[in-house]
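*Asks:* Here is a sequence together with a model predicted from it:
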Amino acid sequence: MKIIYPLLFILIACFFLGPMFLAFVASITPASEFYDYSHIFPSRLTLEHINKLLFTLGGFRALIVSIEVALISIGISFALGIPAGYAIARYTFRGKDGVKLAMLFTRSLPLIVVAVSLVTVYMRLNLTDTALGVALAHAAMILPFVVIFTSSIFSSTFIEYEEAGMVFGLTRFGAFLRISLPLALPGLAASAIYGFIMSWNETFAASILSIQNRTLPAHILATAMASPDYFKYAMATVMAIPALIFIFIIRKYLISIWGISLK
Amino acid sequence: MAKVVSQDVKKYFGEVRALDGVSIEIEDGAFVVLLGPSGCGKTTFMRCISGLEELTDGKIYFDDKEVSRLQPKDRNVAMVFQSYAVWPHMKVRENIAYPLKLKKFSKEEIEQKVKWAADLLNISELLSRYPSQLSGGQRQRVAVARAIVHRPEVLLMDEPLSNLDALLRVKMRSELKKLHEQLKVTTIYVTHDQVEAMTMGDKIAVMNSGRIIQYGTPEEIYKKPATAFVAGFIGSPQMNFFKCDVVEENGQQYAKFEHVRFKIPSRINNRSVIVGIRPENVSLEPPKGSDSITLEATVYFIERLMPETILHLDVGNAKSRITAKLPDDLVLPEGKKIEVFVSTESLHFFDAETEERIL
C-alpha cells in the first residue's frame, strides 16, 4: 500500500499535468523545430510565440480586458449574490423555494441565446464592445451560482456565532460583517475563483458582445483558426497562466486558515 | 447587576404560542433556573430577555428600565450558548476581549480584565489558542469567561452543560455555582435537567406550554409542588399518582383508590382528587410516630442501583404500577407479594380536573 498510493498519485498527476506540460513545451519551441519529430524536447527554448501573440497580435490587450471583465462580473455578482444568499440561508419567506428553483433554471438557459438579444439592447444603451457589457452578461451567468453557493456557506456557519456577536455588542449588520463574513471567507474565496474561471473561459457571449475589446478567449477564437499550431499552444499557455496565478494567490483561503473549525 | 421583571410576556411564532403570558420577578443577584420539558418555552423566554427574540406582547424591565424593545447590544446582557458559540476565527484572547473592545475599553483595561476572567476560569494558558484546538470543556470555559468579562447586569445560560460528558458536567455545575457566588451577577439558567436545577438554583421557575407553573426555591418546589405536572417533573423516579374519588365516612374524608383509602387531613370540596406519593416516601416498614397507609403490592421488577434499590410494584386490581425508592440494597424475587407503607404526612393532593395542589 505504501508504494501503491504514491504511484497512483503520480499517475493521476501525469494524466492531468502531462498535456499541460506538453502544450507549454510546444509553446516555447522554436518554429523551425516544431515539426521536427526526431526529438520531443527542443534544443533551445524561445518566448517568441508568446511574445508575438501578446504584443504583436493584440493578446495582451485581450488579456487585460479578460481580467477586467472577470473582476467586474465577480464584483457585480458578489454585491448582489452575497446578500441574497445570506437571506436565503437565514430567513424564511414566502416563495423561498421558488426563488431557489428559478435560480437553477437560469442555468439551463444557454448564455448564447441571451447574448444575441443582449446585442440589440446593448446597441441602444451604448454598451456594445465594452468590458462592462460583457461583464454584465457574465455576472448574469455567475450570479445564480454565487447565490446558491453563498447560501450554503452561510447556512453552514452557525447562527449562534452571529447571535453571540449581537449579545456582546454588535448590531445585526455588524454581526454579519464582523462574524459571519470572516467565517465565510474561505468559501467565498472558493466561489470567487469559480466565478473568475467561469468568466475567464466564457467564449461565445464575449465573442458576440465585443468586436474590438475582446476578451482573451474571444480573441483567440477569432485568430486561432488562421494561426500556425505553435501559436495555438502559445495561446493555451497564455490562457492557463493567469488562472494559475489567481488560484495561487488565494490558495491560503482555500486551505482554511483556522483548520477545520467551522463547526 | 439588576432585578429582572417580566410582565405578561407573549411570543407567538405564527399560530404557535411559544410564550403565553410569562410574568416573573427575578431578584437582583439571584441564580434562577428555568426548568421544563423541551418545547415548554424556556429557551424562547431567555432569548426574549436577551433581545434576540422580539416580544409579541408584554414588557421586560432590568431594574426600573424597560428593555422590551432594545436591541441585545443595548441591554448589557451576556449569554453562554448551548453550542458555546466561541468564534472560531478568533483566538481565545480575542474572543474574551471582544465584548470589551465593542464597549470601547482602553487597551490596558482590556488586557487586565481578560487576564482576570481567564484566571477565574482557569484558562490562562489557553489564551493564544484557536477554539478548534480546545476540548469541549475548555471551549465552555472560554464561553463563560467571555460572558462575565464585561460584568453584565444579567447573565443568561442556555443549557450550557448539556454537551459535556457526565463527569465534567458535575464538576462544572459546582464551578458555575461558585462563580456566581463570587460575582453575584443576576443569572438565568435554562435546563431540562432537574438535578441541575435543584443543585444550582436559588430559585426555580418550572415552565410548561409557554407558562411559568411554579416559581420557588428548590425545597418549595420539591415539597409543595403547585401542580401534578410540577410534582411529576421534579424528583426521580417520578412521583406515583392515584386518581381517587373522595368519599366520606363518619365525618372523615378519604380519597379512595380501589380498596385503598387515603385519609384527607383537612376538609375539601373536591369530588375527585389525584393523590401523589414520592417513591422515596414508600417504605417496607411502617413509619414510626405517624399515621401510615398500607399498600398491598406485587414485585414486578427490581433495580439495584447500589446502594439504593428501586422497586416497581403492581398495586390493586387495575395493575397500577408504582415505584418505590429504598435507601438500602435489597433483593426480592419478582412476583412476591409484599406490603409497603406510606406516611400520611407525605401525601400530596391535587384536584383531578385542574391538577392544582389542594393540600
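*Replies:* Okay, I see it.
*Asks:* what's the helix or strand hosting B:Tyr189 packed up against?
*Replies:* With elements taken from DSSP states H and E, the one containing B:Tyr189 is strand B:186-191. Helices and strands touching strand B:186-191, as assessed by 3 or more C-beta pairs under 8 Å, 6 or more residues apart in numbering or on different chains; DSSP states H and E, comprise strand B:31-35, helix B:42-50, strand B:154-158, helix B:194-200. For the C-beta atoms, the positions are set from N, CA and C on the backbone; glycine is no exception.
*Asks:* The second one near chain A at all?
*Replies:* Yes. Residues of helix B:42-50 are located near chain A by C-beta under 8 Å from any C-beta of the partner chain, namely B:Ser50.
*Asks:* now for that helix, which elements pack on it?
*Replies:* Looks like helix B:42-50 contacts strand B:4-13, strand B:16-26, strand B:31-35, strand B:77-80, strand B:154-158, strand B:186-191 (3+ C-beta pairs under 8 Å, 6+ apart).
*Asks:* how close does the residue lying farthest from the centre of chain B sit to B:Glu345?
*Replies:* Here chain B reaches farthest from its C-alpha mean at B:Asn250, the gap being 42.6 Å by C-alpha atoms, centre = their mean. Taking C-beta to C-beta, to the nearest Å as the measure, B:Asn250 falls 22 Å from B:Glu345.
*Asks:* What of B:Gly251?
*Replies:* As judged by C-beta to C-beta, B:Gly251 and B:Glu345 stand 21 Å apart.
*Asks:* what ranges do the helices span in chain A?
*Replies:* Taking DSSP state H as the criterion, chain A carries its helices at A:4-27, A:31-34, A:48-51, A:59-90, A:96-106, A:111-125, A:131-156, A:159-167, A:172-175, A:181-201, A:204-209, A:216-224, A:229-249, A:251-254.
*Asks:* helices and strands around the fourth one, which ones?
*Replies:* Spelled out, it's helix A:59-90. Packing contacts for helix A:59-90, counted by 3+ C-beta pairs under 8 Å, 6+ apart, involve helix A:96-106, helix A:131-156, helix A:181-201, helix A:216-224, helix A:229-249.
*Asks:* again, only this time at 6 Å
*Replies:* Here helix A:59-90 touches helix A:131-156, helix A:181-201, helix A:216-224, going by 3 or more C-beta pairs under 6 Å, 6 or more residues apart in numbering or on different chains; DSSP states H and E.
*Asks:* Can you read off the pLDDT for the closest residue to A:Ile193 other than its chain neighbours?
*Replies:* Distance criterion C-beta to C-beta, 6 or more residues apart in numbering or on different chains; nearest residue to A:Ile193, sequence neighbours excluded, is A:Ile247 at 5.9 Å. pLDDT, A:Ile247: 72.
*Asks:* got the residues of the stretch 51-200 of chain A near chain B?
*Replies:* Counting by C-beta under 6 Å from any C-beta of the partner chain, the stretch 51-200 of chain A comes close to chain B at A:160-161, A:163-164, A:166-169, A:182-183.
*Asks:* from these, which would you call buried?
*Replies:* Buried residues within those, counting neighbours by 16 or more other C-beta atoms under 10 Å in any protein chain shown: A:160-161, A:163-164, A:166-169, A:182-183.
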